[in-house]
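[1] Provided below for reference: sequence and predicted model.
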Amino acid sequence: MDIKQLETFIAIAKYESFSKAAESLYLTQPTVSNHIANLEKELNTNLVNRSNRKISLTPSGKILYDYAKSMITLKKDAALELSKFQGKMIGHIEIASSTIPEQYILPEILHGFHQQYPEITYNLIHFDSKEVVEGILKGDIDFGFVGAKSFHKQLEYLRLVEDEILLVTPNTEPFSSWPEEIDLSEALEHSYIFREEGSGSRKLVEEVLEQKELRLSALKTIAFIENTEAIKQCVRRGLGLSFLSKYAVADEVRYGLLKSFRIKEVSLSRHFYFVHHKNRTASPLDREFQQFIKAHFRLS
């Protein structure tokens, strides 16, 4: 069994798609198909179901999957130990993150880690908080950064920094005349743009509304948009208001492109977390990255 064939097999199992696996590995789709065909020929069994719209593993594929991951981990560990013996650290880190940590927290972390270990490369994958957690539990993701906790006995969360969700409006009347804090009843009179289901910020807003015996469906919602930058541009043009992280709108508020407000008697504070599986053994490189995060945020 060739290492690249096993890496391709793992990517197909992860993304459930030949094209997405090819994209993640920087290979052509025919190359990915050849890797799997040759692996199946060598093992004399079908590893992947190709008849369904979504690719899935056969029973034989499910057996191979755990062994393939172990072999790839051993390869990475060997390469890392050799690089440390040679006085340098090389390797690749795959990081899953929800939107706000990805855009506003991780760049500083990656810059600092790169200064310390310039030979390390990265693959930053965008998921919402719910998808990060699901990926860790399934074994597709080793760790991630999220803006909401989903409690599970197999997960461990490290609290990193505090965030606050703000009501964001255009910098036009009547909003430009609003005080810094407004009543919830006044805020609910307007149209809204919300993040997709599964985002940490939307989950927090839903929880606060439920405490006030309100549901998201009670608000006039113009659009659900996954991309935070797109939401900000829509708010600027008056399509609707939104609830966004203070990190996401800091520059726009500073330069007068948007206005942000707190809601009276409502707490929309949260934290960003680093989350990983309690019982899964991390690679030496991943452990080094985790130790760097703890030092960066002064965690014990």
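    Thanks, I have it. Note that the structure is predicted; figures quoted are calculated from it, not measured. Numbering: from 1, shown residues only.
[2] Can you tell me how far the residue nearest to the spatial centre of the chain is from Asp128?
    Nearest to the geometric centre of the chain sits Ser97, at 2.2 Å (C-alpha atoms, centre = their mean). From Ser97 across to Asp128, the span is 10 Å (C-beta to C-beta, to the nearest Å). Placement of C-beta: from N, CA and C, glycine included.
[3] Also Ser245?
    Distance, Ser245 to Asp128, by C-beta to C-beta: 13 Å.
[4] And the strands in the chain?
    Along the chain, the stretches classed as strands by DSSP state E are 48-49, 56-57, 91-97, 120-126, 143-146, 155-170, 181-182, 192-194, 221-224, 242-245, 258-263, 269-277.
[5] quick one, which of these is nearest to Leu25?
    With C-beta to C-beta, the closest approach to Leu25 among the strands of the chain belongs to strand 120-126: 10.2 Å.
[6] Tell me which strands that closest one pairs with, and in which orientation.
    strand 91-97 (parallel) (DSSP bridges).
[7] For the partner strand, give the mean pLDDT please.
    In this model, strand 91-97 carries a mean pLDDT of 88.
[8] pLDDT weak spots in the chain?
    Where the chain drops to pLDDT under 70, the residues are 52-53, 83-88, 300.
[9] remind me, longest helix of it?
    helix 59-85 (DSSP state H).
[10] quick one: His35 from Phe274, how far?
    Per C-beta to C-beta, His35 is found 33 Å from Phe274.
[11] er, Ile293 I mean
    6 Å.
[12] more crowded one of those two?
    Between Ile293 and Phe274, counting by other C-beta atoms under 10 Å, Phe274 is the more crowded of the two (23 against 18).
[13] Identify the residues contacting that one.
    Counting by C-beta atoms under 8 Å, 6 or more residues apart in numbering, Phe274 touches 143-145, 157-158, 160, 290, 293.
[14] can you check Tyr65 too?
    9-10, 13, 57.
[15] Any chance of those in TSV with neighbour count as columns?
    Putting these into TSV (neighbours: other C-beta atoms under 10 Å) gives the following:
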residue	neighbour count
Phe9	26
Ile10	19
Ala13	23
Leu57	18
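[16] Quickly name whichever of those is closest to Lys69.
    For the contacts of Tyr65, the nearest to Lys69 is Ile10 (6.2 Å; C-beta to C-beta).
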